[in-house]
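Enquirer: 3D model of this:
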Amino acid sequence: MKNKSQVFVWTLYDFANSSYAVIIVAFVFAVFFTDVICSKQPVGDFYWSLGINISMIISAVLNPVCGALADRTSNKKFFLFIFTLLCVVPTGLMYFTGQGTILFGLILFIVSNIGFQTSLTFYDAFISDMVEEKDYNRVSSLGYAVGYAGSLVSVLMVFPLKDNYPLLFALTALFYAVFSIPAFVFLKEKKTERNAEKINYFSYGFKKVADTLKHVNKYKNLRNFLLSYFLYIDSVNTIIFFSGIYAVKTLNFSTMELAVFFIIVQITAMIGSLIFAKIGNTLGIKRSIVVNILFWIVILVFIFFFVDEMSYLEIGGAKIHYFFIAGGFAGTFLGSTQSLSRALMTELAPFEIKTEMFGFYALFEKTSTLIGPLTFGLVSWLTGSQKIAIFSITVFFILGLWMLKFVKEENRGSAVAG
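Expert: From the prediction side, this is the model:
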């Protein structure tokens, strides 16, 4: 593989932003918001899902527009920097949140998550700048593996700071900022020749997106994949957003038990990313995604029927909670589902509009969160059962699996017109 130094610098950004993904989105701030800021009121789940949806909708709109602009200006790095800053600053300001600061905490989360989610479009689009098509899956998997290593380091920070979460949020922002610097300094971007005429970048972005939407039927294979991705990644994101809250509220996990759970998830996710880097090349990326989705369904069925507060497995006198076991399997397929999807998207999208297409990739991911997290939040609120809520999202995995059968992997390196 060529450009190993570029790949290393690129993966460091994944190492950096994973601190936000695990500490803010999935773990500490998610629980801190519902338990401390919202004082454990049942409506806290709904507020959290509302914050997720607002941030994802805004990010969904920004992603393809900014992607089109980045393609036009060949300046992905600039946009990556701006949206990184948009995430880091409000994350640092979470230091000032506490009981009753619902609106303040929600605004900080919404703004920071817009920055985080939108930055991923430009980060993902760098893959084809660095390596050839045959290395897409390998590099994508490596990025997620290094990212989960960053998540693991971030979770370990919880132990010494378990009594001072606001300081943990400030350190998370610092972690993200420091380790993202190499990408801004050393990452190189391919430049594309463009017409020198002056344009209104704001109107250009929306016009380009409108044109792509108008002609999307030219790219049926890519469209079918995006629809499938929309459905199955919806369930994956819902699990990410609510796993910590579920463990605390339904299973009565302590902070330390929750930290151990996320350590297990990060380690297995890192391993899963690396394992499926090889399996994806052997079995095929599409088939590997099918395997991942089937296992996700099995995991959710297992949690619904067999996992409760008192469900333990005894091994040599030691008790292991079933949720730890479920987390280990979930982690394995978390990293691989994400990396395989990114690799398949990189194969199917044409190079000349790569960033714009990754904007649509992000658009489908972000808008999918209108369904899953909101479904979880509403079902949990209306039924009073997070077990029913977690089981309800299996339907999106099943629909995504069905839609995936219309995707043809053999057409690589283009958008597959016709």
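Enquirer: quick one: contacts for residue 322?
Expert: 302, 306, 307, 311, 312, 313 (C-beta atoms under 8 Å, 6 or more residues apart in numbering). Placement of C-beta: from N, CA and C, glycine included.
Enquirer: which non-adjacent residue is nearest the second one?
Expert: In space, not counting the residues next to it along the chain, residue 306 is nearest to residue 322; the distance is 6.0 Å by C-beta to C-beta, 6 or more residues apart in numbering.
Enquirer: check residue 239 too.
Expert: residue 330 (6.8 Å).
Enquirer: are any of the contacts of residue 322 buried, and if so which?
Expert: Those of the contacts of residue 322 that meet the buried threshold are 302, 307, by 16 or more other C-beta atoms under 10 Å.
Enquirer: pick out the most distant pair among the contacts of residue 322.
Expert: 302 and 312 (14.5 Å; C-beta to C-beta).
Enquirer: what's the pLDDT at residue 392?
Expert: Looking at residue 392, its pLDDT reads 88.
Enquirer: residue 226 versus the nearest residue in space to it that is not next to it in sequence, what's the distance?
Expert: Counting by C-beta to C-beta, 6+ apart, residue 392 lies nearest to residue 379, which is 5.2 Å off, once chain neighbours are set aside. Residue 379 is 26 Å from residue 226, where distance means C-beta to C-beta, to the nearest Å.
Enquirer: what mean pLDDT would you report for the helix or strand harbouring residue 63?
Expert: According to DSSP states H and E, residue 63 maps onto helix 44-73. The average pLDDT for helix 44-73 rounds to 80.
Enquirer: do a quick rundown of the strands in this structure.
Expert: In the chain, the strands defined using DSSP state E lie at 312-315, 318-321.
Enquirer: run me through the strand neighbours of the last one, direction for each.
Expert: Its sheet considered, strand 318-321 pairs with strand 312-315 (antiparallel) by DSSP bridges.
Enquirer: hey, which helix or strand in the chain has the poorest pLDDT?
Expert: Lowest on mean pLDDT, DSSP states H and E among the helices and strands of the chain sits helix 201-214, with a mean of 67.
Enquirer: okay, now residue 228: neighbour count?
Expert: 25 (other C-beta atoms under 10 Å).
Enquirer: which non-adjacent residue is nearest it?
Expert: Residue 228 sits nearest to residue 403 (C-beta to C-beta, 6+ apart), 3.8 Å away.
Enquirer: burial check on the one you found, number of neighbours?
Expert: 18.
Enquirer: residue ranges with poor pLDDT in the stretch 1-150 of the chain?
Expert: Within the stretch 1-150 of the chain, the stretches with pLDDT under 70 are 1-2, 71-73.
Enquirer: what are the ranges of the helices in it?
Expert: Per DSSP state H, counting those that start in this stretch, the stretch 1-150 of the chain carries helices over the ranges 4-20, 28-32, 44-73, 76-93, 102-124, 127-130, 136-156.
Enquirer: relative to residue 222, which of the ones you listed is closest?
Expert: helix 44-73 (13.4 Å).
Enquirer: could you single out the most deeply buried of the strands of the chain?
Expert: Most buried of those, by mean neighbour count (mean count of other C-beta atoms under 10 Å): strand 318-321, with a mean of 12.
Enquirer: what sits up against it?
Expert: Contacts of strand 318-321 (C-beta under 8 Å, 6+ apart): 251, 257, 311, 312, 313, 314.
Enquirer: nearest to residue 88 among these?
Expert: residue 257 (29.4 Å).
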